[in-house]
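Chemist: sequence first, predicted model second:
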Amino acid sequence: MSAGLYVHVPFCLTRCGYCDFNAYAGLGHLSNRYVRALAAEADLHAPGWHGVEFVSVFFGGGTPTTLDPSELVGLIDHCRAVLAFDDPVEITVEANPDTVDAESLTALRRGGVNRLSMGAQSFDPAVLAALERVHQPTSVRRAFADARAAGFDDVNVDLIFGANGESVDSWRHTLEETVALQPEHISAYALTIEPATPLGRAVEAGRTPPPDPDAQADMFELACELLGASGYEHYEVSNWALPGRECRHNLGYWERRPYLGLGAGAHSWRDGRRWWNVRPPEQYLATVESGSDPIGGEELLDDEASRLESVFLGLRTSAGIPASDVDAHRAAPFLEEGLLDERDGRLVLTERGLFLANDVVLAMTG
């Protein structure tokens, strides 16, 4: 059996207004304890995952690169010692451009990190300001050049489209700047409004307009067109890659490969059971330091729930699902509307359909 390992680092330089992740600014003083707790949690889980080969490791957050490179590398070495890692194993670290430099990136690369995911979000300063990002486009270009110099030949650039004030022309500029860097992988997400975030409250109060769904649809279409013309394959709703450079870790989620999550709020899944850790970092630390499993909750998926999840996740990818997995009468309208294609007995969402993936899947399975 193969699996993925997710490691959550909740620390950030600042908290962006749109972010609903389990991330915190001002808790950097906990970092040393937190890294020790992650290692201890890996020890707790190791016996139960004996015989499982981890083919990917993903450090997400938050901003993992707020930690010292030696801490990240030490944690990788510890996990490699107590869990079975594939050889080679894909090891990704998310990075904010302002938290890395040539020295830190070189240390990470030498320490076994072989994939970098850089949070650029936009190359328009006005859009970055609307997203409350503290970095500038020049920081992304500098960090990307440093990553190449450090030996990274597998780099993802993260983008967000549809922020307040962003035009299609601005988005085109961001896409062109991104392609000019020639990363191996590009992720582009439509901005969503989460009610519990500062941005969500600003939208609710009428201080900030919500994203325009028609404009976002145009931006998504532009991304499909421009990235496709630049040689990137659209292999999942929000992800494009040069041939053969798909993210192994993320594919594991969509293919329903088991995964183990370490850290505050991290999720795990295996054999129809999904569980998650307590979210507050202080509670997580106290629980692990007491020698206990920091589990905060769980759910068990019955056969029907598992089937529906397989349909939902499979249709997000370019591989699609077997046509037999859904009722033909439910699929027919979407085939007629050009949102679905049937290819060699499989249903695959078209580019138009991918933007409406959630709606299409719910209509076919609800």
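Modeler: Arrived safely.
Chemist: CA atoms for contacts and neighbours, from now on please.
Modeler: OK.
Chemist: how about the helices of this protein, start to end?
Modeler: Taking DSSP state H as the test, the helices found in the chain are 31-45, 69-82, 102-110, 125-130, 137-149, 168-181, 198-204, 213-229, 248-254, 281-289, 303-314, 328-336, 351-355, 357-365.
Chemist: packing partners for the second one?
Modeler: Judged by 3 or more CA pairs under 8 Å, 6 or more residues apart in numbering; DSSP states H and E, the packing partners of helix 69-82 are helix 31-45, helix 102-110.
Chemist: next one: the shortest one to chain centre, how far?
Modeler: Mean C-alpha position of helix 102-110 versus that of the full chain (CA atoms, centre = their mean, to the nearest Å) differs by 22 Å.
Chemist: go through it and flag the buried ones.
Modeler: Taking 16 or more other CA atoms under 10 Å as the neighbour-count basis, helix 102-110 is seen to contain the buried residues 102, 104-109.
Chemist: the longest one now?
Modeler: Taking 16+ other CA under 10 Å as the basis for neighbour counts, the residues of helix 31-45 that come out buried are 31, 34-45.
Chemist: same deal with stretch 148-167?
Modeler: Neighbour counts using 16+ other CA under 10 Å place 148, 150, 152, 154-164, 166-167 of stretch 148-167 among the buried residues.
Chemist: got it, and stretch 207-222?
Modeler: By neighbour count on 16+ other CA under 10 Å, the buried set for stretch 207-222 is 210-211, 216-217, 219-220, 222.
Chemist: stretch 315-329 too?
Modeler: When neighbours are counted by 16+ other CA under 10 Å, the buried residues of stretch 315-329 are found to be 315-323, 326.
Chemist: right, and the pair among these with maximum separation?
Modeler: Taking CA to CA as the measure, the buried residues of stretch 315-329 reach their widest spread between Ser318 and Val326, a distance of 17.0 Å.
Chemist: hmm, who's touching stretch 236-256?
Modeler: For stretch 236-256, the surrounding residues in contact (CA atoms under 8 Å, 6 or more residues apart in numbering) are 3-4, 55-58, 90, 154, 184-189, 227, 231-235, 258-259, 310, 313-314, 316-318, 354-355, 357.
Chemist: make it 7 Å
Modeler: When contacts are taken as CA atoms under 7 Å, 6 or more residues apart in numbering, the neighbours of stretch 236-256 outside the stretch itself are 4, 56-58, 90, 184-189, 231-234, 313-314, 316-318, 354.
Chemist: restricted to strands, list those.
Modeler: Secondary structure assignment by DSSP state E places 4, 56-58, 90, 185-189, 233-234 of those in strands.
Chemist: adding distance to Gly206, pLDDT and neighbour count as columns, could you present those residues in a markdown table?
Modeler: Compiled in a markdown table, these are given as follows (distance: CA to CA, whole Å; pLDDT from 0 to 100; neighbours: other CA atoms under 10 Å):
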| residue | distance to Gly206 | pLDDT | neighbour count |
| --- | --- | --- | --- |
| Gly4 | 41 | 98 | 27 |
| Ser56 | 43 | 98 | 24 |
| Val57 | 41 | 98 | 26 |
| Phe58 | 37 | 98 | 24 |
| Glu90 | 44 | 98 | 21 |
| His185 | 36 | 98 | 23 |
| Ile186 | 32 | 98 | 26 |
| Ser187 | 30 | 98 | 20 |
| Ala188 | 26 | 98 | 20 |
| Tyr189 | 23 | 96 | 16 |
| Glu233 | 38 | 98 | 21 |
| His234 | 35 | 97 | 23 |
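Chemist: before we move on, back to that, put together a markdown table for the helices of the chain, with mean pLDDT and distance to Gly345 on each row.
Modeler: Compiled in a markdown table, these are given as follows (pLDDT from 0 to 100; distance: least, CA to CA, whole Å):
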| stretch | mean pLDDT | distance to Gly345 |
| --- | --- | --- |
| helix 31-45 | 98 | 40 |
| helix 69-82 | 98 | 41 |
| helix 102-110 | 98 | 43 |
| helix 125-130 | 93 | 43 |
| helix 137-149 | 97 | 42 |
| helix 168-181 | 98 | 34 |
| helix 198-204 | 83 | 42 |
| helix 213-229 | 96 | 24 |
| helix 248-254 | 96 | 19 |
| helix 281-289 | 98 | 47 |
| helix 303-314 | 88 | 14 |
| helix 328-336 | 91 | 12 |
| helix 351-355 | 88 | 18 |
| helix 357-365 | 84 | 17 |
